[in-house]
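Chemist: Kindly generate the corresponding structure for this input.
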Amino acid sequence: MTKLQVAIDLLNTEDAIALATKVAPYIDIIELGTPLIKSEGLSAITAMKEAFPDKKVFADFKTADAGGLEAEMAFKAGADYITILGSIDDATIIGAVEAAKKYDRAVVVDTIGVQDRVKRAQEVSKLGVEFVELHAGLDEQAKPGYSIDVLIEEASRAGVPVSIAGGVNKNSIAKVKESGAVVAVAGGAIYGAEDPAAAAKELKEALS
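Modeler: Numbers count the residues shown, from 1 in each chain. Sure, this is the predicted structure:
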């Protein structure tokens, strides 16, 4: 079954935990967005894991160098997953994977900015990562003509474990599930909703 991940792009730990508390019954993975980690530091990861020890905590570092070092920082703070950019050298990913093995945690490669996401997903999957995030960032989503259907089509032919991030909502969630993605990542569709818990519940039920 496709798991549901909430991407929390708020800027302080208190607000992030408050949101997570509302949606926790319906989500599998709690993602601390890059802006939150940059704003609050590693303490946000620790606080989230302590608040929700039964959930997977996803630290969206988007690491571009020193993969082993940054992965170890994230894992020591309590993260279960760390993201490494797919656009960088394989050595950075390999270093992070080695750290993940040491701590019994996992690495996710983020394909934001990668031109051929399917090809790169297939390449990095051989390096021992948990899954690959087919990701269209907020700036890409804001471009005229953007459609999540591109990511859904890519997921359907990747042939490796992938997540989809970039416009997952109640209108696209069924197609995300049908694509074979192992994780559906919803951000604004949950934290931007008038009732985040109801929004998360609706998405979770669509994945069941």
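Chemist: which residues touch Asp65?
Modeler: By CB atoms under 8 Å, 6 or more residues apart in numbering, the residues touching Asp65 are 88, 92. C-beta here means a position set from N, CA and C on the backbone, and glycine is covered the same way.
Chemist: Name the SS class of it, please.
Modeler: Using DSSP: H, G, I helix; E, B strand; the rest coil, the structure places Asp65 in coil.
Chemist: Give me the buried positions along stretch 84-96.
Modeler: Neighbour counts using 16 or more other CB atoms under 10 Å place 84-86, 92-96 of stretch 84-96 among the buried residues.
Chemist: again, but for stretch 179-190
Modeler: 179-187, 189-190.
Chemist: can I have it written out in PDB, keeping just the CAs?
Modeler: Coordinates of the C-alpha atoms in stretch 179-190 are reproduced here as PDB (Å, rounded to 0.1, in the frame of the first residue of the first chain):
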ATOM      1  CA  SER A 179       1.400   4.700 -10.700                       C
ATOM      2  CA  GLY A 180       3.000   2.300  -8.200                       C
ATOM      3  CA  ALA A 181       4.700   5.000  -6.100                       C
ATOM      4  CA  VAL A 182       5.600   3.600  -2.700                       C
ATOM      5  CA  VAL A 183       5.000   7.000  -1.000                       C
ATOM      6  CA  ALA A 184       2.700  10.000  -1.800                       C
ATOM      7  CA  VAL A 185       4.100  13.300  -0.500                       C
ATOM      8  CA  ALA A 186       1.500  15.900   0.300                       C
ATOM      9  CA  GLY A 187       2.400  19.400   1.500                       C
ATOM     10  CA  GLY A 188       0.200  22.300   0.900                       C
ATOM     11  CA  ALA A 189      -2.800  20.000   0.300                       C
ATOM     12  CA  ILE A 190      -2.600  19.200   4.000                       C
END
